[in-house]
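Participant: following is a predicted model, sequence given first.
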Amino acid sequence: MDGARGETSVRDRLLSAADELFYAQGVHSVGIDRVLERAGVAKASLYSTFGSKEALVSAYLERRAAARQERIREHIARFSEPDRRILAVFEVLAEVVAEPSFRGCAFVNASAEEPEGETKVRVVCRSSRSWIRQLFSELSRELGAVDPERLSRALALLYDGVLVGASMERDPRTADDARAMVELLLATTARRGRAARGAKVTSRKGSR
């Protein structure tokens, strides 16, 4: 049992150090020795726990993805109305970009540093992006949008735009602007939905 606790402690310390350094300064800018120094563990512990720097980077991103997903799920669970659940995602985003430690999207940053071709890091980054796109797709269907896939793509683009815009401009108000755009988009979607339902009713009556 002591060995298991020790291994968990080493893993957590390495991930915490990686999260702090990789996110703030870049995956390739930070050498593994700096991570080891910050974590206070020996190099042998890194390789026995993760096997390579790439595996450590992947684990760091996976932990960030899991934390982000849990945060979003917890927030949208507070609401039952589909439109409020969509807006809740952007409320979480507004909190994230307003944090003093915000340095852009960890997945965009890490992916941009990767060499060409398929890598473990790219797979993790793509999986994270797929999750948010799938979430918007599900929420758009809950809303009853006439074209849920088109709406979900628009929402994903706005989500991405906030992360990039807030990172480059260092202005968290980008998230407020995006939220206002989402409200307008949802209102337009609702009107189209009502119009489509009205047209169907008229068509049924006319066919009698």
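Facilitator: The structure has been received and is ready for your questions.
Participant: which residues of the protein score low on pLDDT?
Facilitator: 1-8, 191-208 (pLDDT under 70).
Participant: domains for it, by residue range?
Facilitator: 1-51, 54-207 (automatic domain parsing).
Participant: got the contact list for residue 114?
Facilitator: For residue 114, the contacting residues are 121-122, by C-beta atoms under 8 Å, 6 or more residues apart in numbering. Every residue, glycine included, has its C-beta placed from N, CA and C.
Participant: please repeat the previous calculation with a cut-off of 10 Å.
Facilitator: Residues in contact with residue 114, defined by C-beta atoms under 10 Å, 6 or more residues apart in numbering, are 27-28, 54, 57, 120-122, 125.
Participant: likewise for residue 92?
Facilitator: 68, 71-76, 175.
Participant: can you give me the offset of the helix or strand hosting residue 139 from its chain's centre?
Facilitator: Using DSSP states H and E, residue 139 falls within helix 120-143. Distance of helix 120-143 from the chain centroid (C-alpha atoms, centre = their mean, to the nearest Å) equals 8 Å.
Participant: next: stretch 63-82.
Facilitator: With C-alpha atoms, centre = their mean, you get 10 Å for stretch 63-82.
Participant: kindly report the same for stretch 43-59.
Facilitator: 24 Å.
Participant: just to revisit the earlier point, helices or strands next to the helix holding residue 139 in the packing?
Facilitator: Other elements packing on helix 120-143 under the criterion 3 or more C-beta pairs under 10 Å, 6 or more residues apart in numbering; DSSP states H and E are helix 53-76, helix 82-98, helix 106-113, helix 148-169, helix 173-207.
Participant: what angle separates the second one from helix 120-143?
Facilitator: Helix 82-98 and helix 120-143 are oriented at 150 degrees to each other (axes from the mean of the first three to the mean of the last three C-alpha atoms, to 10 degrees).
Participant: just the angle between helix 82-98 and helix 53-76, please?
Facilitator: 130 degrees.
Participant: list the buried residues for helix 82-98?
Facilitator: 82-83, 85-94, 96-97 (16 or more other C-beta atoms under 10 Å).
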